[in-house]
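# What shape does this take:
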Amino acid sequence: MHLALLILLVATFTTPGQSQQTPAISPDATTPQAATSASTAKSGIIRGTIVDKDGAVVANVKVVLEPAGSAFIESQSDNGGNFNFAGVPPGPFKLSFSATGFATQTTSGVLQPGEDHLTAPVQLVVATTVEVDVHETQVEVAEEEIHVEEKQRVFGIVPNFYVSYVPDAAPLNAKQKFQLGWKSLIDPVNLPVAALFAGVEQAQNSFSGYGQGAQGYGKRFGATYADFVSGTLFGSVILPAVFKQDPRYFYKGTGSRQSRILYAMVNAVICKGDNKRWQPNYSNMLGSLAAGGLSNLYYPASSRGVGLTFGNAALSIAGSAGVGVFQEFFSKRLTPHASDPTGRRN
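I've put the predicted structure just below:
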């Protein structure tokens, strides 16, 4: 009886379609909804406020978040200086703040799962370094070139200030033309040179009205030096400033010998303007005439007149041509401080 009941009980629980057995559920298994919920719970928020050194909020600041293992996220502070990053994965992070006129600031921290992380107020400071693009002015460049030219001396002795070995040298302003002329006039080497010329004139009895002896030599020396002073003032200072012309000789150094000789000689009657264009050398030609006219005041009465004026002017212009040839072919080799960016020596 008991056995029959036991068999009947077993049959009842094993009948197909009647089983109510519940399958086992793994403790690690989750539904999609549960996984999403867990993920959301793990992410957090990072937020804060940006101010300046006085505590005033700073709007429109570029804020870059660098979460650990994730791509950068960029945002901008609002009108209240606030920034907010939501859905940030937990872990280490870095924030950088940049705005025009302020130095870039950075801060870092660790976001815990599900944390609403409020950073300390971020204080921006005014940038202490300003990038400035500095260019020398034309006057400053010319000043540097003048300083080089004032060191140029033939044999290291005789002034050679009025030649430029820089083909595109900056033009001189009126003050710089006076500066170069004054430097030339007061150079002590001019005195023995004038004394030498006066001695030659004395030996040849040039301008006989001066006579001979110490008195005649003194008058010749004075006239020679006066010619130099007036020629420099008129031809290299005053008229170049008026006509905006450059009184210097510009070394050529290239081309055939014939072309260089022609260039050197023609420089007595043509020159560079302050606009760097070639033009008639009014300064030298009119300066020679002015100096020749002035010489009538101190030359012997027997030598004065139109002939003296034009004779001295023609001699001055011819001398300029001769000096040009010397500058082009010889002075560079004989001038220790000649500065030529091309490296040419002749």
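# Could you pull up the residues touching residue 312?
Neighbouring residues of residue 312 by C-beta atoms under 8 Å, 6 or more residues apart in numbering: 227, 288, 291, 292, 295. In this view, the C-beta of every residue, glycine as well, is placed from N, C-alpha and C.
# if I look at residue 291, how far off is residue 199?
The gap separating residue 291 from residue 199 is 22 Å, by C-beta to C-beta, to the nearest Å.
# who's more crowded, these two?
Per other C-beta atoms under 10 Å, whichever of residue 291 and residue 199 has more neighbours is residue 291, with 23 against 14.
# Among the contacts of residue 312, which lie within helices?
Members of the contacts of residue 312 lying in helices (criterion: DSSP state H): 227, 288, 291, 292.
# Residue 302: which of the residues you listed is nearest?
residue 292 (16.5 Å; C-beta to C-beta).
# didn't that closest one look like it was pressed against residue 306?
No - under the criterion of C-beta atoms under 8 Å, residue 292 makes no contact with residue 306, lying 9.5 Å away.
# ok, these two, which is more surrounded?
Shown here are residue 292 and residue 306; by other C-beta under 10 Å, residue 292 has more neighbours (25 against 10).
# Which pLDDT value belongs to that one?
Note on residue 292: pLDDT of 89.
# how about the nearest residue to it, chain neighbours excluded?
residue 312 (3.6 Å; C-beta to C-beta, 6 or more residues apart in numbering).
# Give me the neighbour count for the nearest residue in space to residue 302 that is not next to it in sequence.
Among residues not flanking residue 302 along the chain, residue 209 sits closest, at 4.6 Å (C-beta to C-beta, 6+ apart). Other residues near residue 209 number 12, with proximity taken as other C-beta under 10 Å.
# sec struct for residue 209, please.
Local secondary structure at residue 209 is given as helix here, using DSSP: H, G, I helix; E, B strand; the rest coil.
# Give me the local confidence score for it.
Per-residue pLDDT puts residue 209 at 91.
# Ok, residue 107 next?
pLDDT for residue 107: 92.
# just the helices in the protein please.
Ranges of helices in the chain, per DSSP H, are 2-13, 32-42, 138-149, 174-185, 190-204, 213-232, 239-243, 257-266, 282-294, 306-326, 332-334.
# among these, which is nearest residue 83?
With C-beta to C-beta as the criterion, residue 83 lies closest to helix 32-42 of those, at 21.5 Å.
# do you know how far residue 332 is from residue 222?
Distance from residue 332 to residue 222, by C-beta to C-beta: 33 Å.
# which of these two has more neighbours?
Neighbours per residue (other C-beta under 10 Å) separate residue 332 from residue 222, with residue 332 holding more: 21 against 14.
# Save the contacts of residue 312 as CSV, and put in distance to residue 86 too.
As requested, those are exported to CSV (distance: C-beta to C-beta, whole Å):
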residue, distance to residue 86
227, 92
288, 88
291, 88
292, 93
295, 95
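# And these, which is closest to residue 270?
Residue 270 lies nearest to residue 288 out of the contacts of residue 312, by C-beta to C-beta, at 14.4 Å.
# Determine the number of other residues adjacent to the closest one.
The burial count for residue 288: 27, using other C-beta under 10 Å.
# what's the answer for residue 206, then?
Neighbours of residue 206 under the rule other C-beta under 10 Å: 14.
# Contacts only, for it.
Residue 206 makes contact with 200, 220, according to C-beta under 8 Å, 6+ apart.
# Can you give me the pLDDT of it?
pLDDT for residue 206: 90.
# quick one, phi/psi of it?
phi -70, psi 150 (degrees, to the nearest 10).
# Skip the chain neighbours and tell me the closest residue to residue 320.
Nearest non-adjacent residue to residue 320 (C-beta to C-beta, 6+ apart): residue 268, at 3.9 Å.
# actually residue 230, not the one I typed
Per C-beta to C-beta, 6+ apart, closest to residue 230 is residue 291, 4.1 Å.
# Which residues are in contact with the one you found?
227, 230, 231, 234, 235, 312, 313, 316.
# try it again with 6 Å
Shown in contact with residue 291 (C-beta atoms under 6 Å, 6 or more residues apart in numbering): 230, 231, 234.
# same check, this time on residue 115
residue 44.
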